[in-house]
Structures are given as structure tokens and as C-alpha cells.
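> give me a 3D structure for the following:
(3 chains)
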Amino acid sequence: MDLRAIGESFIAWLEGLGIPQGWVLLINWILGALIILGIALLMALALIWLERKIAGRIQDRLGPNRVGPFGLIQPIADALKLLTKEDITPADADRITYNLAPAIAVFHVLMLFVVIPFADKVVGANINVGILYLMAFGALGTMAMLMAGWSSRNKYALLGGFRVVAQLFSYEIPIALVMMIPVLLVGSMNLNEIARGQGSLAGLGWYVWIMPAAFLLYFVAALAEGERAPFDLLEAESEIVAGYNIEYSAMKFAWFYLAFFLNTWILSAIATTLFLGGWQGPFVDQVPALGVVYFFLKTLIMFLAFAWVRATFPRLRIDQMMAFCWKVLVPMALALLLGSAIVVKMGTELNLPGVVTNGLMLVMNIVIVLVTLSLLGRYTRTLHETKNKRLFSPELPRL
Amino acid sequence: MTVPLSWYLIFATALFSIGFFGVLARRNAIAVLMGVELMLNAVNVNLVAFWRYLTPTDLSGQIFVVFVFAVAAAEAAVGLALMISIYRTRKSINVDELNELKL
Amino acid sequence: MVGQALFILTAGITLLMALGVVLARNLFHAALFLVGAFFGIAVLFILLEAEFLGAAQIIIYIGAIATLIVFAIMLSRHVMGKEAGAYNRNWYFALAGVVFFFLLLGWLLIKMPFNLVTAEVPADAIAQIGQGFVGHYVVPFEVASVLLLVALIGAIMLARER
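Sure, this is the predicted structure:
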């Protein structure tokens, strides 16, 4: 069963009804957009329940268990509660910006769903600058939070806004550099092509095996991009109350909440596509529809990893967060990108077989991780000899 | 390909003029910088339009736009750093009040 | 027809946004209008079949430059305050000059003959751009990278607390 075949037979059926071609195309586009939107929104409800349940179990609690079996209907109950709450706009707020911010926050995440390949060629828009597109609309999220922080006319919201710029801006750099490495290997920015490029060797061709360092780097940077603990300084309750969304209530708050969960899901989906083989899996060539199952399964595993980290680790200090990005992640990402470029070039110049290139890539990744770890280890050992044991403090000896 | 080239050129000219007015007339230095960014964007539109309509097979037009991006980014970074630095010492970034050579 | 309608719609919105940048008294609003104008130009790039530049426009202009501008506005004034006297004394001279400039340039551009070439955009356009950077345009590319490095260091030096 091929998903594309269903779409094509649907188009043929519409044309059979005597509808002109332009309208068929329009109906198809709108239907596609609605399906993606519906999947995204339904999934968000499930993900909220899942994350709360998992976090509860990890922290030795029960998690939601009152509404419905296993508390499954809890997110819907929460949504209803938020709907019936009073919608507050601060008296001095900048009204248009204030109301626009949550809309843009959700819009930018939903736009990201368009280029994710759910199965072979099952993509909203199969554009050949897919990765750039992801980065472009990812950057819009910063703008939405900045607008929310500024327009609320609240000191904590404004501080949250400053933190948004500092954090998301900084972590965009390593994440963008790392996302370029699979592009180097495949030679295309099309996400479907990148997923297809990992099909060799029955799962051993996944880039997570070939470049584990890049995958780990992506994972850490994605934690920060998704505002997840230990990098949730944007909305650190104990420091700036709730950050940029402090003044938002009722449905507008729900929109930020939705954007947050969808953003995490999208980051997992990108990780799946770039490093975990996307829709690749056993028997996917015979039964293409299985690709959707594999894709969602892998994304769910990534999402659970995010939830696990969030439920486990305490929050970093802001200077540690910035220093970790600029002094560890960015140099490491640059080294990885340079190394990958050299390995890929060597592979094409010397006509090496693909396996050898991949092996070299793996060795290069391991070497870079070892060098980074040994540098960090030496640095932390010097910490014990100083009075002030704050990691990455400016007065400490240099790395 | 139904849009005539002249539409793009007129659009770019209008955008450039608007940005130019911002540069000439605004008092706040950041607003002036925003005008400069608009002017650079108008140039980019022109470059891409000329590439598409005159030399679609030679991608030099697009490559030049990327250079303009790099220059615009450098200009924004240095310009904004200057303005923050000036604001710290003068508590104002209105260009008509910054008429001394020293900070 | 559809192409023309799309162009008029996008170009009109972009020009309105650009006017907003220049006319808004509140600097933050001006910056948000600037984001709108950048977005409109990205759409125009895509209409001109330069998808790479459309995406790059959003990353660089909205993701980096506009965000930096908003950040600088938030750092440099009473963040909610309106600007007292948005324009300098000579703004009407500027307006007259700009209108004259627009009319002159527009007239010239309409009069100018161009050798229009109708051809498809090459399928490997992005690859060709990349090859241009490391091939024919390698020196400007390196100079641009040095410029960015200098700007990075310069910005840090300038904005550092003394």
C-alpha cells in the first residue's frame, strides 16, 4: 500500500467528477495542509499526556490519572479549563504585538511540519532547500518570543525576552553547523534525499552510527533550542517567574504551550530525519506505508529522550549556559564540520568505497569527542584547585 | 514569467527610496540603520530580478546577493555595537545630537 | 495572471511594511514592520525562483539582523516609549529629494532597453552557487569571511563594558 497511490487515486477521482484541474490542485493543497495541521494538533495532545506521565513516573509520582483511563483525557480537560479562563491583556500592553506573538509562535512550528518526510516522498512540500527552510522558520520563533516579552510591559517578561535572544541565538549556531554535516555527506539539502541516503547496510547506514558526535551535539543543542531543561532559562520559574509568557493567560497561554510541545516534537523529527534514517526500516521498500510507522516510532523515542532529560536534570546558570555554547559546542561543531568536509573530499578524490568513508567519519567523530572530553576533563580538574568552584567563571584559568 | 521586469525594478526603486528617506529623515540612529537595511534589500531585489530576466543560466546575480547578505550582517553587527556603546556614554542615539568627535 | 496578482499583492504589502518602518514613531513597531518587509522580499525571491536566497533571506535578515535590531532597541531606550520627534529638521528636503530620485530613476528604468532572456533556471542552481563560491568567486568569498570575522571582533570590542 503506497500513500502516494492513495493521493493520486484521490486526484483522479476528483478529476473524474469533472472539476477543473486548477481547483483539484487547490483542493489537494488545502486537504494536505489540513491533514498535517490535524496530525500536529492531535499529536500535541498525546505528547502532553505522555510527557507528564513519563515525568511523573521518573520523579516517583503517578502523573495524570484522574480524567479518563490512565488520565488520557487530561490534556483535553486542561484545554477546556484554559478555554474557560479569563483572557487578560495588561492595560499598558502593546495590543497588536501582544496578540500577534502567540499566533506567530504556533505558526512558525506548524510551518516546519511542511518539509518533514513522514515516509518516502510523503512530504508537504518536497523542496530542495529543506534544511535551510527548517533553519529559516526556526528563527521566526525567536521573534515571536521577543514580541511577547516586549509587548507584555512586564519586567520579568522583558528579562525573559533578553534571555530568549541570548539563548536561542547562540544555540542556533551549533545546531545549524551540525545540520550541515548530513548535507555534506548526501550532497543535497532535500530532507527526503537525506533520509533516503541512510538506507544502506540495513540500519548501519544511519548517520547516528556514522557520526555519533554530531548526533550528540545536535541533541544537546536541540535541548536548548526547545527550551527544555536543563536549558529552560527562558521560563525559569524560580528566577524570572515564567519569562516571556508571564502575562499570557487562557487560550493565548495555551498557544505558547502548544508551540513548546510541537517544537520539541519537530526537533525530534529533524533528529530522526537527519540521523536516525527517517522513514527507513525493514520491509519499507515493499510496503512504503510502513515508513510512517517507523518515522513516528523513532520520533517518539527521540521525544521520550527529551522528556527523560527534562525530568532528570537541574537547570544551568545563565553564564554556564552561554559559556557551554560558545566555548564547547561551537568549536566542537566547527571541528566536526571541517573534519567531515575533509573526509567527504578525501572519499571523492581517492575514490574510496562508501564503507571506508563512513569508517573514517566514525573515527574522526570519536577523536573529536575524545579531544573535547579530555580538554573538559583537564579544565574541571583545575577547578578543584581553586577556591571558587563555579564552572566557566571568567576568573578561572582558561580552557 | 508573466510579470514584466520593469515591475520588479519599479518596486525596488520604491523600496530604495523609502529606505533612503528613512536614512535622511529619521533622528534615531537605529531607525537610520533600518533604512539602510531596506536600501540593501532593494539592491538585492534588483540583482535577483536582473539575474532571472537577463542571465538565468549564469548564477552570478544570486552569488552577489549572498555577498550583500554578508556585508549587511557585518554592518548591522558593528553598527548596533557602536550604538549601544554610544548610548552608554551619551544616553541618546539621536544622530543630530551626536555632533562631537569625542564620545 | 496568477503570477502578476501574487506579485502585486506581495510587492504592495512589502512597500506598506517599508513605509511603516520609516513612518512608525515607536521604534519597536518600526522593527516589526522591518521583519514584515524582509518576509515580503523573501516571498519575492521565491516568486523569482531563487528559493535558496528566499530561505537565506529569512535566516539572515529576520533570524539575525532584525532580531539584533530589536535587541538593540530594547537595550538602548525606554522600551515602551514613543520617540519624541521622529524626524530631523530637514525631513521635507529629504522627502522632496527622495521623490525626485524615485521619479528620475523610475523614468530611466522604464526607458532603458534590456536584452530579456527567457530560459529555465538550471536544476542544479544551488550546486552552481556553491561552486561559484569556491571557484570563480573564491577571493570575494574569502574577503567576505574576513569581513565577518573583523565585524565579530569589532562588535565585541565596541560593546564591551569598560
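
> can you tell me how far B:Ile18 sits from C:Leu103?
From B:Ile18 across to C:Leu103, the span is 14 Å (Cβ to Cβ, to the nearest Å). From N, CA and C alone the C-beta is placed, and that goes for glycine too.

> and for C:Trp91?
Between C:Trp91 and C:Leu103 the computed distance is 19 Å (Cβ to Cβ).

> okay, the two: which has more neighbours?
Higher neighbour count among C:Trp91 and C:Leu103: C:Trp91, with 15 against 12, using other Cβ atoms under 10 Å in any protein chain shown.

> not counting sequence-adjacent ones, nearest residue to that one?
B:Ala25 (3.8 Å; Cβ to Cβ, 6 or more residues apart in numbering or on different chains).

> quick check, pLDDT for that neighbour.
With respect to pLDDT, B:Ala25 has a value of 84.

> compute the number of surrounding residues for C:Asp124.
Count around C:Asp124 with other Cβ under 10 Å applied: 12.

> nearest to the spatial middle of chain C, which residue is it?
C:Phe38 (5.7 Å; Cα atoms, centre = their mean).

> C-alpha coordinates for the helix or strand harbouring that residue, CSV please?
C:Phe38 is part of helix C:27-47 when elements are defined by DSSP states H and E. This file holds the C-alpha atoms of helix C:27-47, laid out as CSV (Å, rounded to 0.1, in the frame of the first residue of the first chain):
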residue,chain,number,x,y,z
LEU,C,27,10.9,52.1,17.1
PHE,C,28,9.8,48.6,18.2
HIS,C,29,6.9,48.8,15.8
ALA,C,30,9.3,50.0,13.1
ALA,C,31,11.4,46.9,13.7
LEU,C,32,8.4,44.7,13.4
PHE,C,33,7.4,46.3,10.1
LEU,C,34,11.0,45.7,9.0
VAL,C,35,10.5,42.0,9.7
GLY,C,36,7.4,42.1,7.6
ALA,C,37,9.2,43.8,4.7
PHE,C,38,12.0,41.3,4.9
PHE,C,39,9.5,38.5,4.7
GLY,C,40,7.8,40.0,1.7
ILE,C,41,11.1,40.3,-0.1
ALA,C,42,11.8,36.6,0.7
VAL,C,43,8.5,35.8,-1.0
LEU,C,44,9.5,37.9,-4.0
PHE,C,45,12.8,35.9,-4.2
ILE,C,46,10.7,32.7,-4.3
LEU,C,47,8.5,34.2,-7.0
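
> who are the packing partners of that helix?
helix A:95-112, helix A:130-151, helix B:5-25, helix B:29-54, helix C:2-23, helix C:51-57, helix C:67-76 (3 or more Cβ pairs under 8 Å, 6 or more residues apart in numbering or on different chains; DSSP states H and E).

> elements contacting the lowest-mean-pLDDT helix or strand in chain C?
One helix or strand of chain C scores below all others by mean pLDDT, DSSP states H and E: helix C:67-76, with a mean of 82. Judged by 3+ Cβ pairs under 8 Å, 6+ apart, the packing partners of helix C:67-76 are helix A:130-151, helix A:155-186, helix B:29-54, helix B:60-90, helix C:27-47.

> so which of the ones you listed is nearest C:Leu19?
helix C:27-47 (8.1 Å; Cβ to Cβ).

> let me see the mean pLDDT of the closest one.
Per-residue scores along helix C:27-47 average to 89.

> just to revisit the earlier point, make JSON lines out of the helices and strands packed on helix C:27-47 and add mean neighbour count.
Shown next, in JSON lines, are the helices and strands packed on helix C:27-47 (neighbours: other Cβ atoms under 10 Å in any protein chain shown):
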{"stretch": "helix A:95-112", "mean neighbour count": "19"}
{"stretch": "helix A:130-151", "mean neighbour count": "25"}
{"stretch": "helix B:5-25", "mean neighbour count": "22"}
{"stretch": "helix B:29-54", "mean neighbour count": "23"}
{"stretch": "helix C:2-23", "mean neighbour count": "17"}
{"stretch": "helix C:51-57", "mean neighbour count": "24"}
{"stretch": "helix C:67-76", "mean neighbour count": "22"}
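
> mind putting the ones you listed into JSON lines with distance to C:Lys111?
Formatted as JSON lines, the helices and strands packed on helix C:27-47 follow (distance: least, Cβ to Cβ, whole Å):
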{"stretch": "helix A:95-112", "distance to C:Lys111": "42"}
{"stretch": "helix A:130-151", "distance to C:Lys111": "38"}
{"stretch": "helix B:5-25", "distance to C:Lys111": "10"}
{"stretch": "helix B:29-54", "distance to C:Lys111": "16"}
{"stretch": "helix C:2-23", "distance to C:Lys111": "21"}
{"stretch": "helix C:51-57", "distance to C:Lys111": "28"}
{"stretch": "helix C:67-76", "distance to C:Lys111": "37"}
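
> looking at these, spot the one closest to A:Leu159.
The nearest among the helices and strands packed on helix C:27-47, by Cβ to Cβ, is helix A:130-151 at 7.9 Å.

> what's the angle from that closest one to helix A:155-186?
Taking axes from the mean of the first three to the mean of the last three Cα atoms, to 10 degrees, one finds helix A:130-151 and helix A:155-186 inclined to each other by 180 degrees.

> close to chain C, is helix A:130-151?
Yes. Against chain C, helix A:130-151 shows contacts by Cβ under 8 Å from any Cβ of the partner chain at A:132-133, A:135-140, A:142-143, A:146-147, A:150.

> can you dump the C-alpha coordinates of that helix into CSV?
C-alpha atoms of helix A:130-151 as CSV (Å, rounded to 0.1, in the frame of the first residue of the first chain):
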residue,chain,number,x,y,z
GLY,A,130,14.6,21.7,3.0
ILE,A,131,17.3,22.2,5.7
LEU,A,132,17.6,26.0,5.0
TYR,A,133,13.8,26.2,5.3
LEU,A,134,13.9,24.5,8.7
MET,A,135,16.5,27.0,9.9
ALA,A,136,14.6,29.9,8.4
PHE,A,137,11.3,29.1,10.1
GLY,A,138,13.1,28.0,13.3
ALA,A,139,14.5,31.5,13.5
LEU,A,140,11.0,33.0,13.4
GLY,A,141,10.3,31.5,16.8
THR,A,142,12.8,33.8,18.4
MET,A,143,10.9,36.8,17.0
ALA,A,144,7.6,35.6,18.5
MET,A,145,9.1,35.2,22.0
LEU,A,146,10.8,38.6,21.7
MET,A,147,7.5,40.2,20.7
ALA,A,148,5.7,38.5,23.6
GLY,A,149,8.4,39.6,26.1
TRP,A,150,8.4,43.2,24.9
SER,A,151,4.7,43.8,24.4
